[in-house]
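>>> coords below, sequence missing:
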């Protein structure tokens, strides 16, 4: 029997890493609070119908499902918290104005995103509902940078794209069903040869537009190239204008962006601007987000929506300082000792009562000794 | 540092002119050397030598920034998480169904009976026969596929055919063409974003060398 073996891509979070995850989680939630985001805690499980927004086959496949013994209905273990938060905004809070919500919790995936990914990410994110303005996207991205900055990252490469470009071209070309899915998937992989084959029968301007998307990436000049290469459909012009407005607003905040107009690899529910943050040393995006304005429909109320999420556990590959050393105190029932320990802990000190040799991550550099005038903190003499 | 994953043999040989177009010359010949990491004339470029079917994995997880992988390997891998912007038009061959000479393949397929198929290309074999509405039991083998129909292990094989010499030598015939195969350039997604100024010139050089105007700026 090897009954201590955990399933693949499922792991314990051990002390050093747990302290890092929890420190970052708290720091990020505090940060969200300072921007006016309200914390919500959706349930781990709910009926599958409400766990997905619109038709989302990819998310559906990632969701563990089981039968609710009380109702016989199918329930799912959440694989993404964003749809739950959208449900809360649309139906539970039912507010008219702008709502800012944030969350942090575990999600579970049936399959890992990659061999280096866990199947139990600790998702944290922030969402704004009720504002279609680009200012909302700007705030979300600013918040994302603040979160990553807090985690110690300052060289972030932010890639922005717009799903509306693909949809405008695919609609105009009347690409539906499987043909549309294949084109979407080829675009995600910048698979130009396949895209050529799939668009062979389309009108020249639309085929040219779809084939141009994979190479429309790079710096600020990308939008000008896009305006020249893509047909002047209303959806295309709107998307490029939105990207321009976002880049301009972010530049005013010293956030530089990179464009990738074929960057459509986000969740199926995204509808407009999408973005992903990359940094050196990480083969996958650290954080993803974007607009998902249509999702409220599923819950009976279409609301403009934008937000981001990231997996705090993925950030544990970053360096993190050791915990501050604490104070060793002798075990005993002396009321003055008990009072001294309580006073030190109230000041924020770590006080470890001596029960024998301390194993693990906790270190001490001082100790409590019985002086003539009460208990004193002195340098640790190394004799635990 | 830019790391390029290549497999030994035909892909390596036929990639050399493309590397040369990008100003990259390997410092050693992998056939002669046992080294798995090979330097080049450029300090910032190195090659790693891996099995052909492992190239997408190395690139997907960023162990290599670029790689050259056959379309056959990419389809089996799934391709998710990779960019594959260029058809390099090298290491060309065909993925085909082959049977023993004299086997009534059309009859076997038309009857709708279950066929036993031996192959290394499990996904593509399943998809091909599913599209025809034929039930198959797929037997995964790692090499010498041609043997399977001869010893009764399988009714047919799905395998790459280049010259057809091995089929002929074993009294097999190709009975159906599944797809033409050539090698693709695969690129790690994060690398293209983070190292664009170094990777893009290589992509442009490769694209110029194969004469197809695929990706480029």
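Good, I have the coordinates. These figures come from a predicted structure and were not determined experimentally.
>>> Quick check: closest non-adjacent residue to residue 75.
Unless you meant another one, I'm taking chain A. residue A:68 (4.6 Å; CB to CB, 6 or more residues apart in numbering or on different chains). Just so you know, the C-beta spots here come from the backbone N, C-alpha and C atoms, and that holds for glycine as well.
>>> wrong one, I was asking about chain B
Nearest in space to residue B:75, with sequence neighbours left out and distances taken as CB to CB, 6+ apart, is residue B:124 at 5.6 Å.
>>> before we move on, what about residue A:288?
Residue nearest to residue A:288 in three dimensions, not counting chain neighbours: residue A:276, with 4.8 Å by CB to CB, 6+ apart.
>>> and the one you found, how far is that from residue A:290?
9 Å (CB to CB, to the nearest Å).
>>> Then residue A:27?
Counting by CB to CB, the gap from residue A:27 to residue A:290 is 24 Å.
>>> Please identify which of those two sits among more neighbours.
Set residue A:27 next to residue A:290 and count neighbours by other CB atoms under 10 Å in any protein chain shown: residue A:290 wins out with 27 against 15.
>>> What pLDDT is listed against the more buried one?
You'll see residue A:290 listed with a pLDDT of 94.
>>> Same check on residue A:302?
Here, the pLDDT recorded for residue A:302 equals 79.
>>> pretty sure it contacts residue A:294?
Yes - under the criterion of CB atoms under 8 Å, residue A:302 makes contact with residue A:294 at 6.3 Å.
>>> These two: which is more packed in?
A count of neighbours by other CB under 10 Å puts residue A:294 above the other of residue A:302 and residue A:294, at 17 against 13.
>>> and the gap between the residue positioned nearest the centre of chain B and residue B:26?
Nearest to the geometric centre of chain B sits residue B:70, at 2.0 Å (CA atoms, centre = their mean). Applying CB to CB, the value for residue B:70 to residue B:26 is 20 Å.
>>> which residue ranges form the helices in the chain?
By default, I'm working from chain A. Using DSSP state H, the helices of chain A run over A:15-34, A:48-51, A:57-62, A:82-87, A:134-150, A:163-172, A:177-188, A:192-198, A:204-212, A:222-229, A:234-251, A:335-346.
>>> wrong chain, I was asking about chain B
Under DSSP H, chain B gives helices at B:10-21, B:55-60, B:71-77, B:105-110, B:122-132, B:147-150, B:165-169, B:189-194, B:196-210.
>>> Quick check: which of these is buried the most?
helix B:55-60 (a mean of 26; mean count of other CB atoms under 10 Å in any protein chain shown).
>>> Tell me which residues are up against it.
Helix B:55-60 is touched from outside by A:114-115, A:283, B:5-7, B:48, B:50, B:63-69, B:73-74, B:77, B:79, B:81-82, B:186-188, with contacts defined as CB atoms under 8 Å, 6 or more residues apart in numbering or on different chains.
>>> centre of the chain versus it, how much separation?
Distance, stretch centre to chain centre, for helix B:55-60: 12 Å (CA atoms, centre = their mean, to the nearest Å).
>>> Repeat that for stretch B:124-141.
Taking the mean of its C-alpha atoms, stretch B:124-141 sits 19 Å from the chain's own mean (CA atoms, centre = their mean).
>>> measure that stretch end to end?
14 Å (CA to CA, to the nearest Å).
>>> Distance of the residue nearest to the centre of chain B relative to residue B:206?
16 Å.
>>> didn't residue A:117 look like it was pressed against residue A:11?
No - here residue A:117 lies out of contact with residue A:11, judged by CB under 8 Å, at a distance of 11.1 Å.
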